[in-house]
Structures are given as structure tokens and as C-alpha cells.
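> got a sequence here, can you model it:
(one chain, ligands or ions: 2)
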Amino acid sequence: MGAAERARPSTGNVVRKTLVARSTEIDLGGRVVKTFAYGDSVHGPLIRVNTGDTLEVRLRNDLPIDTTVHWHGLALRNDMDGVPGLTMPPVKPGAEFVYSFKVPDPGTYWYHPHVGAQLDTGLYGPLIVDDPNERGAYDVEAVLVLDDWTDGWGKSPSAILADFRRNCMGSMGSMGGMGTTPDEPLGADTGDVAYPGHLINGRLPADPDTVRARPGQRVRLRLINAGGDTAYRFAIAGHALTVTHADGFATKPVTVDALVIGMGERYDVEVTANDGVFAIAAVPEGKKNDPGALAVLRTSSGAVSTDPRTVPQLGGRLLAYADLSPTDEVRLPSRPVDRSMDLTLQSGEGGRQWLLNGRTFAEHEPLEVRQGERVRISMTNRSMMFHPMHLHGHTFALEGSGLRKDTVNVLPMGRQSIEFQADNPGQWMIHCHNIYHAELGMMGVTSYVEWVAGRDTLRQHDAATVA
Ligand code: C2O
Ligand code: CU
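Ligands and ions are numbered 1, 2, ... in the order given. So this is what the prediction gives:
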């Protein structure tokens, strides 16, 4: 780990922040909820650094329960990755922990706890890494964080999780038709939780967040899906979207009307603002009874329709992974594969568990890799739900296009192979970013065999989880 950390770029700058995780009341725009949050807002504070900066974040845990912070998508040093029992001990109520690490790559990232279903409360926030050498070819920038909301309104995330553990999870996808269709690109069954509200930047449609620009200006939007159990279909009334980045890494630009973003994924898109007031819509994919989420793009005065489901662009040309390829600068150089592993995704226990390779996290076998290897993981989904699979500490390449991502939607009954360069020693989670699937077992560990100290921690963690 020492060598990998020394190899990261360094500006010598240290950016210091404090996050206080606490119980609080938040106004979502007409609805006040009691929840957990970082400070007094949902989402948590925007953290912004340059590539090569050291980010130093003091986490104070004023919650009544253990917590941690995980820095989603960053290829950071393993001991700062925020996975309790695997990379660090949990931060106890009343305690503090100081995260300190070099930030290697520019892009749109986010942070959230890695304990239970906490990320389905207000505990999440955006992390933007700027490339000081990049000339932004845009005039206005906004971060849009999408989230499904139930805490303090419907059932709490911990109650939802307890219900899933007790009862069959309902459909488990088995009620859906086979596979995917153009209308249902993630299949018929996209989630199991009905949310009373959906948010963009912590706001309900009744009092939406506004992106202001002048007509003709180029607007860069950084989209983050912080949802627990909801993929979103995203579009802007009267505008096309030019996709420029996926999960932080640059793509060759592609223009579409709409895109679907799974839990944990990010896209950067550019739009040229028209004259008027326009709905920015994020509609829960496949959840026909849930309300949509709304923000507003405004270049002049006037009102906007408040039903995000009515935005016509949602039914227009939809982005597919196959449309995207990496720019030459971020393409993973091709190399022979040194190690190939299979990962099957399926349900178990009559629907009370989700499994990787037939096992829950408590029973998992680490996926062992060696430093320096090119690793291929071939994922096969044997269930009728999609799974947004996320690997910590690395940005992999999708087989075929080479698109760089850290979270990829594996479609119902579908297959997806990924390749990565094993250049960041440690123990790294690989899991479904549906927080309920993850907590019901759909998590595993990619383990560098050289990582001896970590291995002892892993054994202790397994023992604790089984007990
Ligand atoms: Cu957002 Cu384990 O990840
Ligand atoms: Cu899943």
C-alpha cells in the first residue's frame, strides 16, 4: 500500500473538512422529516478538491449507532476506504475518526456510510475532484444528487431491512417478464421498496432546486444516484443531453434525450440552455406508483410544470452502455488477462437473501488477486432483477467498449465482464449497490493475497458477522 500511495499524484495541498453525522430534522420542501444527516442539510456538504490533493476529513459520530464514511469510486489507500471490520474499526457513537488520503483521479464521486442501510437516510454527499489542467468548456456547473426518500416519512430503512430479513422480499423479480425491453431497459422489476418521495438535491418537487443560466450558455450537470433501491430515468424538458463522463471518467461525447442511472452510478452531461424555464426530471425507473423527482433549469422568469413524469424527453432516445466508449486518455491499456474469475448473482433462502457465488457475505470466499495482475471478473445474473455491481478502489473497464466505470448495472439474466488492473493493494468490497440486496448478503471481497495484515481483520469480521 505504501508504494501505491507514493505513486499517486501530489499537489502538496491539504483540504480539511469536518462531517458531523447526527440525528436531526430536515425540511425536504414542504415535508419535515426526522433523519440522520451530515450537519443540517440533505445532501451533506459538497466536498471539492483537486487531483493530487490530500483530503483530510474529520468524521464526528453524534449518531446513537456506529458509522463510517466510504468514498465511493476513489482509488484511494485501502485503510481509508471506510468499510468497518474490513479496512477500519467502526466509529462508535461519540467518537471521531480522521480520514486522510491522496485523491488520485478527477471526476464526480460521492460519499456515504458503509454500515447497514444508513445510506438510505440523509447520510450522503457529493465529492467533486477537479483536474487543475482541464479547461472546462462550459459556463455553468451544477451537481444534481438524486435520492429515494422514506426515512422519517414512510418505513425507516432499518425497519425495511428487518422486514426483508423476516419475510420473502415479495417479487424477487420472479413476477417480471423475461429480460429487458426498450421500454424496460432494466427489466420489469427494478426495486422492492416504494418510496413516498424522490429528491433532487434534498428537495421535493413542490419546492425544487433551481439551476440558473443565460440562454445559450453551456451547462455541465454532474448526476449522482444516491438512492437505496431506485434507478432513475433522467431528462430535461426541451433539451438534449451530451454525456461526457461516466463514473467520473471521460467518455467520447454522445448526445441522447434521456439516460437511466443505477444506484451508485454517476454521469456528467452537458446541455446548451434554451430560453425559458424547464423541468429537470428524474423518474423512478419501473416504479409506476412512486412520485418523480424534479429540479428546474431557468434562463428566464415563469413557472414550470411540477409533474416530472410529463417531460416528453423521458420517452426519447435512451443512453445505452454500448453507446459509450472511453477517451484515449482514460482507456485501460489492453493487456493479456492473468486471472479470470466468475461471479454469479442470485437470490436464496426463499427470497430472504441475496447471494454472490451462492453465498452470503457472512460465508463468502475472498476473490483472490495478486498485485500487478490484469483481472477479469465475469458476472452472470441468475435473477430477474438488475444489480448495480460496484467494486471499491478501482475503476474497471467493461468488456468490449472498454468504458471505465466503478458501478455497472448487470441486467436480469444478463452477463457482464469487467477487467481491472490490480494496482491498489488491500481488501476491497465488491457488492450490489441496492443497499437492501447488499445487506441481505450480496457483498464479497476482492483480496490481494499480499495483504496479510488485512486478512486477519477479515477473519475477525467474518466471525462477528456470523455470530
Ligand atoms: Cu457506494 Cu461499497 O459503496
Ligand atoms: Cu442487487
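> might one say that residue 97 is in contact with residue 88?
Yes - counting by Cβ atoms under 8 Å, residue 97 does reach residue 88; the two are 7.2 Å apart. Using the backbone N, CA and C atoms, a C-beta is placed for each residue, glycine as well.
> any idea which residue is closest to the centre of the protein?
The centroid of the chain falls nearest to residue 264 when counting by Cα atoms, centre = their mean (1.3 Å).
> for that residue, which non-adjacent residue is spatially closest?
residue 433 (3.5 Å; Cβ to Cβ, 6 or more residues apart in numbering).
> touching, that neighbour and residue 389? I think so.
Yes - if you go by Cβ under 8 Å, residue 433 and residue 389 touch, sitting 7.4 Å apart.
> between the two, which contacts overlap?
Both residue 433 and residue 389 are contacted by residue 407, under the criterion Cβ atoms under 8 Å, 6 or more residues apart in numbering.
> what residues are shared contacts of residue 97 and residue 88?
residue 68.
> where's the closest residue to residue 217 other than its chain neighbours relative to residue 248, distance?
In space, and not counting its chain neighbours, residue 217 is closest to residue 139: 4.1 Å by Cβ to Cβ, 6+ apart. Note on residue 139: its distance to residue 248, by Cβ to Cβ, to the nearest Å, is 21 Å.
> so between the two, which is more surrounded?
residue 248 (26 against 14; other Cβ atoms under 10 Å).
> my guess is that one contacts residue 110. True?
No - in this structure, residue 248 is not within contact of residue 110 by Cβ under 8 Å, at 10.0 Å.
> overlap in contacts of the two?
73, 266.
> remind me, longest strand of this structure?
Counting residues, the longest strand found in the chain (DSSP state E) is strand 14-27.
> list the contacts for the closest residue to residue 13 other than its chain neighbours?
Nearest residue to residue 13, sequence neighbours excluded (Cβ to Cβ, 6+ apart): residue 53, at 4.6 Å. When contacts are counted by Cβ under 8 Å, 6+ apart, residue 53 touches 11, 13-15, 102-103.
> from residue 136, how far out is the residue in the chain positioned nearest to ligand 1?
Closest residue of the chain to ligand 1, Cβ to the nearest ligand atom: residue 72 (3.6 Å). As judged by Cβ to Cβ, residue 72 and residue 136 stand 23 Å apart.
> what about those two, which has more around it?
Looking at residue 72 and residue 136 with other Cβ under 10 Å, you find the greater number of neighbours at residue 72, namely 26 against 10.
> contacts only, for the more buried one.
Residue 72 makes contacts with 109-112, 127, 264, 390, 406, as judged by Cβ under 8 Å, 6+ apart.
> how about low-confidence regions in the stretch 101-250 of the chain?
The model of the stretch 101-250 of the chain has pLDDT under 70 over residues 168-178.
> if you set the cut-off to 90 instead, what comes out?
Residues of the stretch 101-250 of the chain that meet the criterion pLDDT under 90 lie in 132-137, 167-180, 182-183.
> and the stretch 151-300 of the chain, which residues reach ligand 1?
Taking Cβ under 6 Å from any ligand atom as the contact definition, the stretch 151-300 of the chain meets ligand 1 at residue 264.
> for the stretch 151-300 of the chain, which segments count as strands?
197-200, 210-212, 218-225, 232-236, 241-246, 249-256, 258-261, 266-272, 277-284, 293-298 (DSSP state E, counting those that start in this stretch).
> which parts of the fourth one are buried?
By that I understand strand 232-236. 232-236 (16 or more other Cβ atoms under 10 Å).
> what do you get for stretch 241-257?
241-251, 254, 256-257.
> for ligand 2, state which of those is nearest.
Within the buried residues of stretch 241-257, the smallest distance to ligand 2 is 17.3 Å, found for residue 247 (Cβ to the ion).
> okay, the residue nearest to the closest one when sequence neighbours are not counted and ligand 2: tell me how far apart.
Excluding its sequence neighbours, the residue lying closest to residue 247 (Cβ to Cβ, 6+ apart) is residue 405, at 4.4 Å. Using Cβ to the ion, to the nearest Å, residue 405 is found at 16 Å from ligand 2.
> can you check residue 36 too?
23 Å.
> and for residue 39?
30 Å.
> so what's the nearest residue to that residue once chain neighbours are set aside up against?
In this structure, residue 39 finds its nearest non-sequential neighbour in residue 20, 5.6 Å apart by Cβ to Cβ, 6+ apart. By Cβ under 8 Å, 6+ apart, the residues touching residue 20 are 38-39, 60, 62.
> what's near enough to touch the residue of the stretch 151-300 of the chain found nearest ligand 2?
Residue nearest to ligand 2 within the stretch 151-300 of the chain: residue 263 (8.6 Å; Cβ to the ion). Contacts here follow Cβ under 8 Å, 6+ apart; on that basis residue 263 touches 225-231, 388, 407, 433-435.
> out of those, grab the one that's most surrounded.
Result: residue 227 is most packed of the contacts of residue 263 (other Cβ under 10 Å), 32 neighbours.
> is it true that it touches residue 150?
No - with contact taken as Cβ under 8 Å, residue 227 and residue 150 are classed as non-touching, separated by 10.7 Å.
> can you list the domains in this structure?
Per the record, the chain has its domains at 3-130, 140-154+196-323, 339-460, by automatic domain parsing.
> nearest to residue 164, of those?
Proximity to residue 164 (Cβ to Cβ) singles out domain 339-460 among the domains of the chain, at 5.8 Å.
> what about that closest one and ligand 1, touching?
Yes - Domain 339-460 reaches ligand 1 (Cβ under 6 Å from any ligand atom) through 390, 392, 429, 431, 433.
> and these as TSV, adding pLDDT and secondary structure?
Formatted as TSV, those follow (pLDDT from 0 to 100; DSSP: H, G, I helix; E, B strand; the rest coil):
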residue	pLDDT	secondary structure
390	98	strand
392	98	coil
429	98	strand
431	98	strand
433	98	coil
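> only whichever of these are buried, select them in ChimeraX.
The buried residues among the residues of domain 339-460 next to ligand 1 can be selected in ChimeraX (16+ other Cβ under 10 Å) with this line:
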select :390,392,429,431,433
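> what's the closest of the residues of domain 339-460 next to ligand 1 to ligand 2?
Checking the residues of domain 339-460 next to ligand 1 against ligand 2 with Cβ to the ion, the nearest one is residue 433 at 7.4 Å.
> check the residue in the stretch 251-400 of the chain that ligand 2 sits nearest to and give its pLDDT.
Closest contact between the stretch 251-400 of the chain and ligand 2, by Cβ to the ion, is at residue 387 (3.4 Å). Here the pLDDT value assigned to residue 387 is 98.
> correct me if wrong: it contacts residue 343.
No - using Cβ under 8 Å, residue 387 is not in contact with residue 343; the gap is 10.3 Å.
> more neighbours: which of the two?
Neighbours were tallied for residue 387 and for residue 343 using other Cβ under 10 Å; the higher tally belongs to residue 387 (29 against 20).
> from residue 298, how far out is that one?
Distance, residue 387 to residue 298, by Cβ to Cβ: 37 Å.
> wait, what's in contact with the closest residue in space to residue 356 that isn't next to it in sequence?
Excluding the flanking residues, the one nearest residue 356 by Cβ to Cβ, 6+ apart is residue 444, at 4.6 Å. Counting by Cβ under 8 Å, 6+ apart, residue 444 touches 343, 356-357, 359, 361, 364, 366-367, 429-431.
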